[in-house]
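**Q** here is a sequence with its predicted model. Questions after.
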Amino acid sequence: MSSSHRDQALDALLHPFSDGLLRWPAQGDVLFLRAREGAALHAWRQQAFACTQPFKPEAERLQRIGAELIDEDALPTAKFSLVLVLPPRQREEARALLAKACMAVAPGGIVIASVTNDEGAKSRETDLKQLAGALTTISKHHCRVFWTRADAAFDADLFAQWSQADKPRIQRSAEVPGGEFRTRPGVFAWDRVDAASKMLAEALPNDLHGRVGDLGAGWGYLSMQVLARCKQVTSLDLYEADARSLALADENLADAHLPVHCHWQDVTQGVAERFDAIVCNPPFHALGRGDRPDIGRAFIAAAANALKPAGRLWLVANRHLPYEQALGDGFAQVRTVAQNGGFKIVEAIKAAR
């Protein structure tokens, strides 16, 4: 989400400071969990702050305005006099993030969160109230903004429970090679194999060979299937913008019998390596809910540039997404292999020269 698009949750989160309801700490000991760059944040960009953001494009925007990125799973305890939070939609992930905020705030400090009304604002407000007790709440920009001062102890039992709510865990599934995979709440398709990726895996030919790339790899399902099905593959490179998903993919492929490289990267900016084949289930949204077919088209362009002559792209996409021109621009041959359940499987072959 660029600063050219209004970020209502971010605007609402920072409103109490611009309106004088709260003061930004003079010493700069501020932590922003799941921070996003935006116009409202620019007023405070001269104030030093640390932040967490696992989504690579947003992390890069934050770094460009001077924010310090830190490890969300290894936050210092009771350090920050102000902790700002933009909780995600997924319940366990959001609860864990609120618990981390309460762990990181110093005695007497403030934890403040903002959620849009249509993404669970009331539920997240109730969660923080359960952890911390009394809250101050305002409504702004179709969001609820709520904060608490860390003057009293948080609910210890609930804190212990929610601190572990999004921890990585083993999920068992007969649809995964080996019967299980490492996952955690909040990543895409964290508790299942998504139908589109499954359909692509079932369509993959067994003659993919050489160096293979997986663009938008998630927790590694398609790469696991490539390993299981395609015995002539010599190496795998996984590209994923979500650092949490990529860490899981790295673990899920830890026993691979060939070199595996994981890249925390925004594929829309291009891929430097060259491949004999690429598999891809591209995302069609960023941090919001609206369709973003431009992302899928950028993935297709990146795949075309990254493939060697005569290299093959195997792609799954929603049938309604307009990818035909991007495929025609980048590839010499394009064919629809299958269509079912709202998805389409496409094989695209790059020109031999």
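**A** Now that the structure is in, tell me what you want to look at. Residues are numbered from 1 along each chain as shown.

**Q** what strand or helix carries residue 13?
**A** helix 8-18 (DSSP states H and E).

**Q** okay, the strand or helix carrying residue 63 in CSV with CA atoms only?
**A** Applying DSSP H and E as the criterion places residue 63 in helix 56-64. Written as CSV, here are the backbone C-alpha positions of helix 56-64 (Å, rounded to 0.1, in the frame of the first residue of the first chain):
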residue,chain,number,x,y,z
LYS,A,56,8.8,-7.2,1.9
PRO,A,57,7.3,-4.4,-0.3
GLU,A,58,6.0,-2.5,2.8
ALA,A,59,9.2,-3.2,4.8
GLU,A,60,11.2,-1.6,2.0
ARG,A,61,9.0,1.5,2.0
LEU,A,62,9.5,1.8,5.8
GLN,A,63,13.3,1.5,5.5
ARG,A,64,13.2,4.3,2.9
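
**Q** partners of whichever helix or strand comes after that helix in the sheet?
**A** Per DSSP H and E, the first helix or strand lying C-terminal to helix 56-64 is strand 68-69. In the sheet, strand 68-69 lines up against strand 50-52 (parallel) (DSSP bridges).

**Q** what packs against the helix or strand bottoming out on mean pLDDT in the chain?
**A** In the chain, no helix or strand scores lower on mean pLDDT, DSSP states H and E than helix 39-42, which sits at a mean of 88. Judged by 3 or more Cβ pairs under 8 Å, 6 or more residues apart in numbering; DSSP states H and E, helix 39-42 is in contact with helix 8-18. Any C-beta I mention is one placed from the backbone N, CA and C, and that applies to glycine too.

**Q** beta-bridge partners for the most centrally placed residue in the chain, please?
**A** With distances taken as Cα atoms, centre = their mean, the residue of the chain nearest its centroid is residue 242 (3.6 Å). With DSSP bridges as the criterion, residue 242 is bridged to residue 55.

**Q** and it, what does it touch?
**A** Applying Cβ atoms under 8 Å, 6 or more residues apart in numbering, we find residue 242 in contact with 54-56, 187-188, 218.

**Q** go again with 7 Å.
**A** With contact taken as Cβ atoms under 7 Å, 6 or more residues apart in numbering, residue 242 is in contact with 54-55, 187.

**Q** residues in contact with the helix holding residue 63?
**A** Residues outside helix 56-64 that contact it (Cβ under 7 Å, 6+ apart): 1, 35-37, 51, 53, 69, 241, 264-266, 287.

**Q** what does stretch 271-290 give?
**A** Applying Cβ under 7 Å, 6+ apart, the contact partners of stretch 271-290 are 1, 55, 58, 196-197, 200, 204, 208-216, 222, 226, 237, 239, 291-293, 295-296, 299, 302-303, 306-308, 311-318, 321.

**Q** mind redoing it with 6 Å?
**A** Outside of stretch 271-290, the residues within contact range by Cβ atoms under 6 Å, 6 or more residues apart in numbering are 1, 196-197, 208-216, 222, 237, 291-292, 295-296, 299, 302-303, 306-308, 311-316.

**Q** list the buried residues of that stretch.
**A** Within stretch 271-290, the residues that count as buried by 16 or more other Cβ atoms under 10 Å are 271, 275-284, 286.

**Q** try stretch 194-208
**A** Quick answer for stretch 194-208 (16+ other Cβ under 10 Å): 196-201, 204, 208.

**Q** now, among those, which is nearest to residue 105?
**A** The shortest gap between residue 105 and any of those belongs to residue 197, at 38.9 Å (Cβ to Cβ).

**Q** element containing the closest one?
**A** Residue 197 is located in helix 195-203, with elements delineated by DSSP H and E.

**Q** contacts for whichever helix or strand comes after that helix next, please.
**A** Where DSSP H and E defines the elements, the next helix or strand beyond helix 195-203 is strand 209-215. The contact list for strand 209-215 (Cβ under 6 Å, 6+ apart) reads 222-223, 226, 232-239, 267, 275-280, 299.

**Q** appreciated, that's everything.
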